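Student: Give me a 3D structure for the following:
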Amino acid sequence: MKYCYDVDGGRLTECGEGQASVIVYENPSEQEKEELCRAYDLDPMDIEGVLDPDEVARVEFTPERTFVIWKMPDNVTISGTIQFQVSSLGIILASNRLVFIAPREKVQMDGRQLKRVVSARDCLLRVLFANVRHYQGHLKAIKQVAQELEAKLVTSMENRYLLQMFALGESLVYYHNAIETNQTVLGKIRAAAEKLGFTPEEIELMDDVMIENQQAGKQAAIYTSVLSGLMDARGTIINNNMNVLLKNLTIINVVFLPLNLIASILGMSEYSEMTRGMHWTIAYGLFAAVMVILGWLTWWWLTRVLERQHMAGKGA
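Tutor: Model (predicted):
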């Protein structure tokens, strides 16, 4: 699918291809791929690289055009685990025409960043700026999700939340790598900005984009470091919660062992014979009271023993 726009009054308006200064190819067909290769002297592998989400961000300069592969964040997918992924965006800057090649989703041309567009190059910088802000929004969401998972892990005994933490850590690694490679691309474009025809105002905007992208990269690096550093500790918390549960179940089992033994030896018929002279409510009431007291004494003794062992371990 192809969309054509022209800069009119500080906005992008749809128009015919002949007067278009900005063209967006969304999931291009084979015919459109051939059209791109012919019109902008591209290799078919360049187009395939744009459609490959694992392609590394890069920039190529020729006298006729500048070809860029930019890494952009995808929309968040929630399928069992929350996943933040990246994909590639192809950019061609040729004379006064700007071309975007999007693998799946259409590049948004009506956002707040694109309300005061003055040229195709200005449009490029504003799209990249919006893309960097998209990264920053996702990084903020990742931090919030990580905090929620951390609170759940304190009392959890399942691996589900830990697996979600691993998925977040993997997403952060991809984000950090994508932002860093984008920074390299921005640096190369900045070095050739005057040759590419960028105005002083556009170069100033480019510097702002680089600063914002650099800050996003630092955020991603910090979140990645913190998340990976605490991952083992959070796994240990789950193991500790399981150990505490097993210890409590063991105490309950030990408490009921003597009670089961007494009930098995006496039995209901033997106890009834032994207490024939007493009313059954009194006899069985006393039996229940003795069992409760014996169970409490057993629990009290076990907890005392465990506390002494714990204190002895601390002293050692």
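Student: Kindly export stretch 195-210 (C-alpha atoms) in CSV.
Tutor: Extracted in CSV, the C-alpha atoms of stretch 195-210 (Å, rounded to 0.1, in the frame of the first residue of the first chain):
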residue,chain,number,x,y,z
LYS,A,195,26.0,18.1,2.4
LEU,A,196,22.6,16.6,2.6
GLY,A,197,21.0,20.0,2.5
PHE,A,198,19.7,20.4,6.1
THR,A,199,19.1,24.0,7.2
PRO,A,200,20.5,25.4,10.4
GLU,A,201,17.1,25.1,12.1
GLU,A,202,16.8,21.4,11.0
ILE,A,203,20.4,20.7,12.2
GLU,A,204,19.3,22.1,15.6
LEU,A,205,16.3,19.8,15.6
MET,A,206,18.6,16.9,14.7
ASP,A,207,20.8,17.7,17.7
ASP,A,208,17.6,17.6,19.9
VAL,A,209,16.7,14.2,18.5
MET,A,210,20.2,12.9,19.2
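Student: Buried residues, that stretch. List them.
Tutor: Neighbour-count burial for stretch 195-210, with 16 or more other C-beta atoms under 10 Å as criterion, is recorded at 198, 202, 205, 206, 209, 210. Placement of C-beta: from N, CA and C, glycine included.
Student: Now do the SS call for residue 54.
Tutor: Going by DSSP: H, G, I helix; E, B strand; the rest coil, the secondary structure assigned to residue 54 is coil.
Student: what about it, neighbour count?
Tutor: 9 (other C-beta atoms under 10 Å).
Student: Listing request: residues of this structure with sub-threshold pLDDT.
Tutor: Applying pLDDT under 70 to the chain flags the ranges 77-81, 105-106, 109-113, 154-159, 231-238, 241, 265-274, 310, 312-316.
Student: any chance you could map the helices in the stretch 201-316 of the chain?
Tutor: For the stretch 201-316 of the chain, helices defined by DSSP state H, counting those that start in this stretch occupy the ranges 280-315.
Student: And the stretch 1-150 of the chain, by the same measure?
Tutor: Counting by DSSP H, counting those that start in this stretch, the stretch 1-150 of the chain has helices at residues 30-40, 44-51, 120-153.
Student: okay, now residue 303: neighbour count?
Tutor: Using other C-beta under 10 Å as the criterion, residue 303 is surrounded by 11 other residues.
Student: How much space separates it from residue 146?
Tutor: Counting by C-beta to C-beta, to the nearest Å, the gap between residue 303 and residue 146 amounts to 36 Å.
Student: ok, residue 162 - how many residues close by?
Tutor: The tally of other residues near residue 162 (other C-beta under 10 Å) stands at 18.
Student: my guess is it meets residue 150, correct?
Tutor: No. Counting by C-beta atoms under 8 Å, residue 162 does not reach residue 150; the two are 10.6 Å apart.
Student: list the contacts for residue 284?
Tutor: Contact analysis of residue 284 by C-beta atoms under 8 Å, 6 or more residues apart in numbering lists nothing.
Student: Tell me which residue lies farthest from the centre of this structure.
Tutor: In terms of distance from the mean C-alpha position of the chain, residue 277 ranks first, at 73.2 Å (C-alpha atoms, centre = their mean).
Student: Next, it: phi, psi?
Tutor: According to degrees, to the nearest 10, the main-chain angles of residue 277 amount to phi -80, psi -10.
Student: Neighbours of residue 168, how many?
Tutor: Taking other C-beta under 10 Å as the neighbour definition, residue 168 ends up with a count of 24.
Student: For it, pull up the helix or strand it's in.
Tutor: Using DSSP states H and E, residue 168 falls within helix 160-191.
Student: by how many degrees do that helix and helix 120-153 diverge?
Tutor: Per axes from the mean of the first three to the mean of the last three C-alpha atoms, to 10 degrees, the angle that helix 160-191 makes with helix 120-153 is 160 degrees.
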